[in-house]
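Q: sequence and predicted structure are below.
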Amino acid sequence: MARKTSIKKHSAVPKTTSSPTASIAMAVTAATPAAIEAAPLTPSAANKITLAPPAAKPASLAAPAGPSAALTSQLSNLKSECAATRSAAASEIGRLGDRAGVAPLIGALGDGDADVARDAAASLGLLGDRAAVQPLIDAVENVNGYFHCVVRAAAASSLAQLGDVRAVDALLGAVNDPAAEASAEAVRALATLGDRRAVGALVEVVRNQNGFFLQIVRRAAVLALAQLGGEQAAAELSAVASNSWEDPVIREAAEKATCEVAVGIVKR
């Protein structure tokens, strides 16, 4: 059954002291506690010694810096009642590049507004933190049917950016996503990850024997096979390129891809 593309709804300074007698000038010298213990003090010597100021605390003991003012502001906006404000905040957090925003963005994946969840998914890819891999996989797999197709597509794209092979199985399953845009992003993500397990699945997409895949997904699969390369990919692309009954867009993409794969095989 052919699919339709979906439409989104949705230091202190030490003080010195002077003698009350103005005619006596006191010499002030710095001394360590060890020096004080080593030399017995005479009444005259006692007037010449002051303790050095305490050493500064090591930098390692300093309190850790908190989120920047910019991030703090956006995290506040991420809790706004206005969906547009939350969406803009989710995008800006990704651009700020502060990984302190990862956990709030993971939470925003479950936002009831698809735009907010989509922008959160996209920003998680930009921040590059592996803590986001499993939540993004959950969005791609969409076991409970909660995630909108634009969120699933953004999650697939971010998984490609994160480059974690744990995502391969979920992406292979997402190739058959009923929404073409999510399916096409899963195909592109598999090509980016470069896992050879994807070749067979992508060949099936190109062949499209049951008419399930739309042109956008099939073309993405052709380009993905060219990127992955290898004998199997080369043979499939050659067959598509020589098929006069094939969709002109797919055939043209296969012709160009065949040359790329052939060059890659020769170089290896």
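A: Right, received. Where do you want to start? Numbering: from 1, shown residues only.

Q: heading C-terminal from the helix or strand that contains residue 185, find the next helix or strand.
A: Element membership for residue 185, per DSSP states H and E: helix 180-193. Sequence-wise, the next helix or strand downstream of helix 180-193 (DSSP H and E) is helix 198-207.

Q: ranges for the helices of the stretch 151-268 of the chain?
A: Assigned by DSSP state H, counting those that start in this stretch, the stretch 151-268 of the chain shows helices spanning 168-174, 180-193, 198-207, 215-228, 231-241, 248-267.

Q: and residue 162, which of the ones you listed is closest to it?
A: Ranking those by their distance to residue 162 (criterion: Cβ to Cβ) puts helix 180-193 first, at 9.5 Å. (Each C-beta comes from the backbone N, C-alpha and C, glycine too.)

Q: name the residues that touch that closest one?
A: 3-6, 140, 149-150, 152-154, 156-157, 159-161, 163, 165, 167-168, 171-172, 174-177, 198, 201-202, 205, 213-214, 216-217, 220-221, 223-224, 227-228 (Cβ atoms under 8 Å, 6 or more residues apart in numbering).

Q: repeat that for 6 Å
A: For helix 180-193, contacts defined as Cβ atoms under 6 Å, 6 or more residues apart in numbering pick out 3, 5, 149, 152-153, 156-157, 159-160, 171, 174-175, 177, 198, 214, 216-217, 220-221, 224, 227.

Q: got the contact list for residue 203?
A: Residue 203 makes contact with residue 236 under the criterion Cβ under 6 Å, 6+ apart.

Q: one more time with 7 Å, if that's ok
A: 232, 236 (Cβ atoms under 7 Å, 6 or more residues apart in numbering).

Q: could I get the pLDDT score of it?
A: Looking at residue 203, its pLDDT reads 97.

Q: residues of stretch 76-92 that come out buried?
A: 77, 78, 85, 86, 87, 88, 89, 90, 91, 92 (16 or more other Cβ atoms under 10 Å).

Q: what's the neighbour count on residue 95?
A: 12 (other Cβ atoms under 10 Å).

Q: give me the buried positions along stretch 158-167.
A: By 16+ other Cβ under 10 Å, the buried positions in stretch 158-167 come out as 158, 159, 160, 161, 162, 164, 167.

Q: find the nearest non-adjacent residue to the first one, please.
A: The one in question is residue 158. residue 125 (2.8 Å; Cβ to Cβ, 6 or more residues apart in numbering).

Q: one step back: quick check on the contacts of helix 180-193: which are buried?
A: The buried subset of the contacts of helix 180-193 - by 16+ other Cβ under 10 Å - is 149, 152-153, 156-157, 159-160, 171, 174-175, 177, 198, 214, 217, 220-221, 224, 227.

Q: before we move on, back to that, now render the buried residues of stretch 76-92 as JSON lines, adding distance to residue 145, secondary structure and pLDDT.
A: Formatted as JSON lines, the buried residues of stretch 76-92 follow (distance: Cβ to Cβ, whole Å; DSSP: H, G, I helix; E, B strand; the rest coil; pLDDT from 0 to 100):
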{"residue": "77", "distance to residue 145": "29", "secondary structure": "helix", "pLDDT": "97"}
{"residue": "78", "distance to residue 145": "25", "secondary structure": "coil", "pLDDT": "97"}
{"residue": "85", "distance to residue 145": "27", "secondary structure": "helix", "pLDDT": "98"}
{"residue": "86", "distance to residue 145": "22", "secondary structure": "helix", "pLDDT": "98"}
{"residue": "87", "distance to residue 145": "22", "secondary structure": "helix", "pLDDT": "98"}
{"residue": "88", "distance to residue 145": "27", "secondary structure": "helix", "pLDDT": "98"}
{"residue": "89", "distance to residue 145": "26", "secondary structure": "helix", "pLDDT": "98"}
{"residue": "90", "distance to residue 145": "22", "secondary structure": "helix", "pLDDT": "98"}
{"residue": "91", "distance to residue 145": "26", "secondary structure": "helix", "pLDDT": "98"}
{"residue": "92", "distance to residue 145": "30", "secondary structure": "helix", "pLDDT": "98"}
